[in-house]
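> here's a sequence, model it:
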Amino acid sequence: MKFSISTFESSNIVGDRTQHSIVSQVFKSLRTASFFLSSVLLFTHHLNATEVDGVTSATTLQQPYDEAKLALVALQFDASEAPAKLSYQKRISEVLESKVPILGLNLEQGSKEKVAQDVVLANESVRQSSYSPQHGKPLRTEVMSVKPALPGDIVGTNGACEATECYRVNLYNFYFNSSISALVDVIGKKIVATGSLAETQPELSERLRALAVDIAKFEPAVQLEVSRYLDFIGDETQARDIRPVMVDTKSALRDTLCERSKHLCVAPTYVLGDKAMWVIVDLTDMKVVGVRWTNVGNAGPTTVITERILENEYVFKNFCEEVSSHQQNGWKFDYHITSSDGLRIANATYAETPVFASAKVVDWHVSYSQEDKFGYSDATGCPMFSSAVVVAFQGPEITPIFIKGKEVGFAISQQFQQHSWPAPCNYRYEESYEFYDDGRFRVALKSHGRGCGSNGTYRPVFRMDLGKSSDNSYYSIQDWDDQWQPIKHESWSQQKTPDRLQYKRYSHRIIDAKGQGYLMEPSHGQFGDGGRGDNAFIYITAQNSNKEEGDRDLVTLGSCCNSNHEQGPEQFMQPREELLGRQQILWYVPQMNNDGTKGQEYCWAENKVVDGTLKTKTWPCTAGPMFVPIERSK
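Numbering: from 1, shown residues only. Presented below is the predicted three-dimensional model:
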């Protein structure tokens, strides 16, 4: 259901015709924002929580808007006059007229960050990327971050940063919606590696975070709704002083240029009682393009986390800056926490036989509506010098695995958590790699909720580089279709039902020239961890040394909110390449639907007071495939 602005122009708002005329003019001037205002007016005219096109559109308040008050708010607050926006637009205009049309960060003169940025902005190929190849006109391009390079950033650089100090510089081209990354030797003052990816977006700069908040809080309907809630609970705080959460997390919204991430969009989110108001801000066009509501339920008392700063420093120093090794029960591997790709496991072997080159979780996509396609793209990673939104909480933990009281293997797990979890619009993820004594291994990906709604779908994007086998040949991947069929070209498929799998278990075979390797067993709820099945999208791509294939830490990949196979890995298939005789990469994107219904909780969490103390109860959802040695499956 959608209300048009004209509905209110003809209503009897007040008796005085002059005031009615002013109100009408205001509404007419806001016609360009009719979709946004209609959404706001819609949920305020419902007395109870209702579902509209699959999106909860309701408030905890029981009275409709005062339309005259909306008009006055619209006159008082105009998002086009947001101070940060005006300042930013002026700066962009100046930069586009300069010799280097790239907006840099305000960095301390003489700092290593400033040296790295200057080296990049002086590079001719980087400069050329900021001009239109057709017309030669400057394109809006901006430096998003400059940070010390971590182990995940220098993968594939052949030791170029070992004897020096490197920094990573991330840029974003608004015109092409593409990311550019450069690795800079700040001692030698030279670029040692570059990479670019289309349809990707790096972390936001502090300048853009402030811009997003300013645009959101100066939007008239946002002001009104926040004010109404504050009045309702008797809080005298000014609406403009309420800061939203999830400010720098990428978002999307159907039927706008945010969809499929064509524009850089974020979703500053206001938690108002048991509802969350998402304000979708298009930073490319610098405007609000929509508002959506989700139910977050009653979270209970707030958790207070202490000593987090000291803990962050410990985690960063020991697990982000350093690569550790582990050896147990025939297994060997290296591990570290990346800046934005979660816990990375590399050079894994079993009984001295190579198993995989590397494995990591690139993104967590979280969507809240099949119809409107809005949500977040979450990155997990280091708590400092990182583009991650959900950061490492404590270091990796290695624990034994027991089945029926018998120890059968071990797992290495890393928790990633936002500061205020399990409060609404805060997330906690767990990335685990299980290694069994008989040669099996599994990636187990968990969401502990609570998130921004009770109708969300979690889609972690898992990447595994197969590398080479023991005979130095490349592993190849085969698909089961009544018999094993080689996959000859880059492609994707969706997880099949058990009756279409080999022995009702195995969907793919990873095999070397000697016939050795692993069978992949997707989850359909059989692993005893509470998982309800993966319904995964599965992609096979080829490694190409001439372009970025995701070896180094990736920026946000794909859209948060697509319900089809367009989750990001498909970008590495354009154009499709042959697979046979090539190093191959397996991508696996499971889908987990959360539920906050009493007795059916899944991907959910809440705080409760038990015996006078605060307890957090979680109902995690788990996904991920098992890999079984071929000889064992026989």
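
> residues in contact with the host helix or strand of residue 477?
Element membership for residue 477 (DSSP states H and E) is strand 476-480. Contacts of strand 476-480 with the rest of the structure, by Cβ atoms under 8 Å, 6 or more residues apart in numbering, involve 466, 484-487, 493, 496, 500-502, 506-512, 540, 579-580, 584, 586. Every C-beta, even on glycine, is put in place using the N, C-alpha and C of the backbone.

> one more time with 6 Å, if that's ok
In this structure, residues lying in contact with strand 476-480 by Cβ atoms under 6 Å, 6 or more residues apart in numbering are 484-487, 502, 507-510, 540, 584.

> between which two of the residues you listed is the distance greatest?
Greatest spatial distance among the contacts of strand 476-480 (Cβ to Cβ): 502 and 584, at 19.7 Å.

> contacting residues around the following helix or strand past the strand holding residue 477?
Per DSSP H and E, the first helix or strand lying C-terminal to strand 476-480 is strand 484-486. Strand 484-486 is contacted from outside by 478-479, 509, using Cβ under 6 Å, 6+ apart.

> about what we covered before: who has more neighbours, residue 502 and residue 584?
Using other Cβ atoms under 10 Å, the more surrounded residue of residue 502 and residue 584 is residue 584, with 22 against 17.

> ok, that one to residue 464 distance?
Per Cβ to Cβ, to the nearest Å, residue 584 is found 10 Å from residue 464.

> so what's residue 204 up against?
Residues in contact with residue 204, defined by Cβ under 6 Å, 6+ apart, are residue 248.

> now it. Its backbone dihedrals?
phi -80, psi 150 (degrees, to the nearest 10).

> per-residue confidence for it?
Reported pLDDT at residue 204 in the predicted model: 89.

> do residue 60 as well
We have a pLDDT of 32 for residue 60.

> can we start the residue count at 443 from this point?
Okay, using 443 as the starting number, the last item reads as residue 502.

> next structured bit after the strand ranked longest in the chain?
With residue count as the measure and DSSP state E as the assignment, the chain has strand 795-809 as its longest strand. Scanning forward in sequence from strand 795-809 by DSSP H and E, the next helix or strand is strand 817-820.

> what packs against the helix or strand that that next one is followed by?
Following strand 817-820 in sequence order, the next helix or strand is strand 822-823 (DSSP H and E). If you count contacts as 3 or more Cβ pairs under 6 Å, 6 or more residues apart in numbering; DSSP states H and E, strand 822-823 packs onto no helix or strand.

> which strands and helices lie in contact with the helix or strand just after strand 822-823?
As assigned by DSSP H and E, the chain's next helix or strand after strand 822-823 is strand 832-834. Packed against strand 832-834, as judged by 3+ Cβ pairs under 6 Å, 6+ apart, are no other helices or strands.

> tell me the mean pLDDT over strand 832-834?
90.

> element containing the closest residue to residue 595 other than its chain neighbours?
Sequence neighbours aside, residue 610 is the residue nearest to residue 595 in space, at 4.8 Å (criterion: Cβ to Cβ, 6 or more residues apart in numbering). Assigned by DSSP H and E, residue 610 belongs to strand 608-615.

> now tell me what touches that strand from outside.
By Cβ under 6 Å, 6+ apart, the residues outside strand 608-615 that reach it are 558, 562, 583-591, 595, 621-628, 644.

> do stretch 938-949 as well
With Cβ under 6 Å, 6+ apart as the criterion, stretch 938-949 contacts 922, 961-964, 966.

> out of those, which are buried?
Among the contacts of stretch 938-949, those classed as buried by 16 or more other Cβ atoms under 10 Å are 922, 961-964, 966.

> so for stretch 1032-1041, mean pLDDT?
Here stretch 1032-1041 scores 92 as its mean pLDDT.

> whoops, I mixed them up, stretch 943-956
Computed over stretch 943-956, the average pLDDT equals 95.

> quick one: buried residues of it?
943-944, 947-954.

> kindly report the same for stretch 992-1011.
Result for stretch 992-1011 [16+ other Cβ under 10 Å]: buried residues 992-1004, 1008-1011.

> for it, measure first residue to last.
9 Å (Cα to Cα, to the nearest Å).

> pull the CA atoms of stretch 972-987 into CSV?
Extracted C-alpha coordinates of stretch 972-987, given in CSV (Å, rounded to 0.1, in the frame of the first residue of the first chain):
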residue,chain,number,x,y,z
GLY,A,972,21.4,-27.1,14.7
GLY,A,973,21.9,-26.0,11.1
ARG,A,974,18.8,-26.1,8.9
GLY,A,975,20.6,-26.6,5.6
ASP,A,976,22.7,-24.3,3.4
ASN,A,977,20.8,-23.9,0.1
ALA,A,978,24.1,-22.6,-1.1
PHE,A,979,25.3,-20.9,-4.3
ILE,A,980,28.5,-22.6,-5.5
TYR,A,981,31.0,-21.0,-7.9
ILE,A,982,34.1,-22.3,-9.6
THR,A,983,36.6,-19.7,-10.9
ALA,A,984,40.1,-19.8,-12.3
GLN,A,985,43.1,-18.0,-10.9
ASN,A,986,44.4,-15.4,-13.3
SER,A,987,47.8,-13.7,-12.4
